[in-house]
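> here's a sequence, model it:
(one chain, ligands or ions: 1)
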Amino acid sequence: MISRRAALAALAAIPAIGLAETLRPSLTNDGPSLRALAGSRGIAFGAATANFELRQRDFTFALLRDCGIIVPEYELKRDLTEPVQGQIDFSATDALLDFARRHGLLIRGHTLVWYASNPPWLEPAVAAAPDERIFTDYVRAAMRHYAGRMHSWDVVNEAIQPQDGRADALRDSFWLRKFGPSYIDTAFLAARDADPSALLVYNDYGLEEEGAIHDQRRRAVLKLLEGMIARGVPVGALGLQGHLAAFTRKVDQRKLEAFLNEVRATGLRILITEHDVDDGGGPVDFITRDRAVADATRRFLDVALDNRSTMALLTWGLSDRFLKPESMREQLLRGTPRSLPLDAALQTTPMRAAIADALRNARPR
Ligand code: G3I
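Below is the predicted model of the structure:
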């Protein structure tokens, strides 16, 4: 078997298109690919990516080796798809969809109704809008454009924010202030109307770790989902983002297990949609950081993948290569963050080993 370094070196001379079909190894020097391991349990493994990342051949090879599903990190957000009101352009995501189709990958849609990453014209337009078409028209446009081609859709993203002080813990966003809590149901009903076959996901963060605010978030998300189901709103899954911290927070395995069991009891499926581990706030040395990142991933996935309703695991990026330190000080002190399955040189990290172990231990779906 050629070494991975030799394969990557050879890659530089070969056009990436078509390469993966012939060379996608299901085995690597580090054992089975994450795609193969996950697939053997009936789980889809993949990562968020972006068009600019796929212009790097070595990275593309690594992504095609390990990933069976991708999600646009940015290209399908409204500030990029509709920078001018009424002028919708999905071409950037079309390029990712074409890449996925050419290489036999699944792709998921992220995201349609969010309080962030919107074009500057949107919030004033919402304030002046006569009705919900300001977002239902957009939901329908996106879902019709990709009808039948998306694995799943994050229809509404991050609608919970207990710190905003509402009894229902809903985020006091410009969506809520204009339309009230019903905007969430309305978005899902428009999504179902546009694509009757799509898996519609409610996606949120802060559901995995210890702490009163995480307890509040878990309670609020469960209540939101149970209410939607009781009203016949077509939500099909919870998107558990899985943004963790290696040193400053800790996964609460007992509460996470109980929460996911309650989600499973509603009949919803579970997708881990954005897993990564912030390695800041602790020692600087790589070994300590890598070990703490892997431990956080292990604590999280040992619980999340043990739940038979969990059907997908995506990391928020595959390689540290494209991560930016939060500040120049962080850059000087710690260099590139070490938060993902592959480091900046595309070498496997202890986090990837922890993901592989958790997939091996997962019961088949
Ligand atoms: O592409 C433009 C570039 O042309 C421009 O020069 C540059 C400077 O303004 O901005 C670039 O766009 C940036 C984009 O990332 C692509 O890099 C946006 O400003 C920036 O806001 C955007 O940040 C993304 C953020 O969501 C907001 O969309 C992050 O990459 C992305 O990792 C982050 O992901 C979110 C999930 O969608 C939801 N859950 C939390 C998660 C992490 O924050």
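> residue 53: how many residues sit nearby?
The burial count assigned to residue 53 is 18, neighbours taken as other C-beta atoms under 10 Å. C-beta here means a position set from N, CA and C on the backbone, and glycine is covered the same way.
> just residue 153 next, same as before
Residues lying near residue 153 (other C-beta under 10 Å) number 28.
> before we move on, what about residue 329?
The number of residues packed around residue 329, counting by other C-beta under 10 Å, is 9.
> that one sits in which helix or strand?
Under the criterion DSSP states H and E, the helix or strand holding residue 329 is helix 328-334.
> so which residues of the stretch 201-350 of the chain form strands?
Per DSSP state E, counting those that start in this stretch, the stretch 201-350 of the chain carries strands over the ranges 237-240, 243-245, 269-278, 310-315.
> quick one: contacts of the shortest one?
Contact with strand 243-245 is made by 205, 208-209, 251, 274-278, 280-281, 296-297, 300, 316, as judged by C-beta atoms under 8 Å, 6 or more residues apart in numbering.
> report the two of those separated the most.
Of all pairs drawn from the contacts of strand 243-245, the widest gap by C-beta to C-beta lies between 274 and 281 and measures 19.5 Å.
> how far off centre is the helix holding residue 329?
Between the centre of helix 328-334 and the centre of its chain there are 27 Å (C-alpha atoms, centre = their mean, to the nearest Å).
> okay, buried residues for it please.
Buried residues in helix 328-334, counting neighbours by 16 or more other C-beta atoms under 10 Å, are found at residue 334.
> what do you get for stretch 64-83?
Here stretch 64-83 shows 64-78, 80-82 as buried, counting by 16+ other C-beta under 10 Å.
> is the ligand contacted by that stretch?
Yes: under the criterion of C-beta under 6 Å from any ligand atom, the ligand is reached by stretch 64-83 at 73-74, 77.
> what's the average pLDDT for that stretch?
Summarised as a single mean, pLDDT over stretch 64-83 is 98.
> just stretch 338-353 next, same as before
When the per-residue pLDDT values of stretch 338-353 are averaged, the result is 97.
> quick check, the residue in this structure closest to the ligand?
In the chain, no residue comes nearer to the ligand than residue 117, which is 3.6 Å away by C-beta to the nearest ligand atom.
> re earlier: in ChimeraX, how would I select the buried members of the contacts of strand 243-245?
In ChimeraX, the members of the contacts of strand 243-245 classed as buried (16+ other C-beta under 10 Å) are selected with the following command:
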select :205,208,209,251,274,275,276,277,278,280,296,297,300,316
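> the strands of the stretch 201-350 of the chain: which one's closest to residue 189?
strand 237-240 (16.3 Å).
> partner strands of the closest one, with direction?
The strands beside strand 237-240 in its sheet (DSSP bridges) come out as strand 200-204 (parallel), strand 269-278 (parallel).
> with distance to residue 359 and mean pLDDT as extra columns, can I get the ones you listed in JSON lines?
Conversion of the strands paired with strand 237-240 to JSON lines gives the following (distance: least, C-beta to C-beta, whole Å; pLDDT from 0 to 100):
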{"stretch": "strand 200-204", "distance to residue 359": "21", "mean pLDDT": "99"}
{"stretch": "strand 269-278", "distance to residue 359": "11", "mean pLDDT": "98"}
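> between these, which one is nearest to residue 160?
Closest among these, using C-beta to C-beta: strand 200-204, at 5.6 Å.
> not counting sequence-adjacent ones, nearest residue to residue 143?
Among residues not flanking residue 143 along the chain, residue 194 sits closest, at 3.5 Å (C-beta to C-beta, 6 or more residues apart in numbering).
> and that neighbour, how many neighbours does it have?
Residue 194: 19 neighbours (other C-beta under 10 Å).
> let me know whether it touches residue 139 as I believe.
Yes: counting by C-beta atoms under 8 Å, residue 194 touches residue 139, with 6.6 Å between them.
> from residue 181, how far out is the residue nearest to residue 143?
Residue 194 sits at a distance of 22 Å from residue 181 (criterion: C-beta to C-beta, to the nearest Å).
> kindly report the same for residue 334.
When distances are taken as C-beta to C-beta, residue 334 and residue 181 turn out to be 41 Å apart.
> circling back: and the residue nearest to residue 143, how far from residue 153?
As judged by C-beta to C-beta, residue 194 and residue 153 stand 10 Å apart.
> how about residue 105, phi and psi?
According to degrees, to the nearest 10, the main-chain angles of residue 105 amount to phi -100, psi 150.
> nearest residue to it in space, please, no chain neighbours.
Of all residues not flanking residue 105 in the chain, residue 70 sits nearest, at 5.6 Å (C-beta to C-beta, 6+ apart).
> is the one you found in a helix, a strand, or coil?
When the structure is split into helix, strand and coil by DSSP: H, G, I helix; E, B strand; the rest coil, residue 70 lands in strand.
> tell me what it is bridged to.
Taking DSSP bridges, one obtains residue 47, residue 107 as the residues bridged to residue 70.
> low-confidence ranges in this structure?
1-30 (pLDDT under 70).
> if we can go back for a sec, out of the contacts of strand 243-245, which touch the ligand?
Cross-checking the contacts of strand 243-245 against the ligand (C-beta under 6 Å from any ligand atom) gives residue 274 as the overlapping residues.
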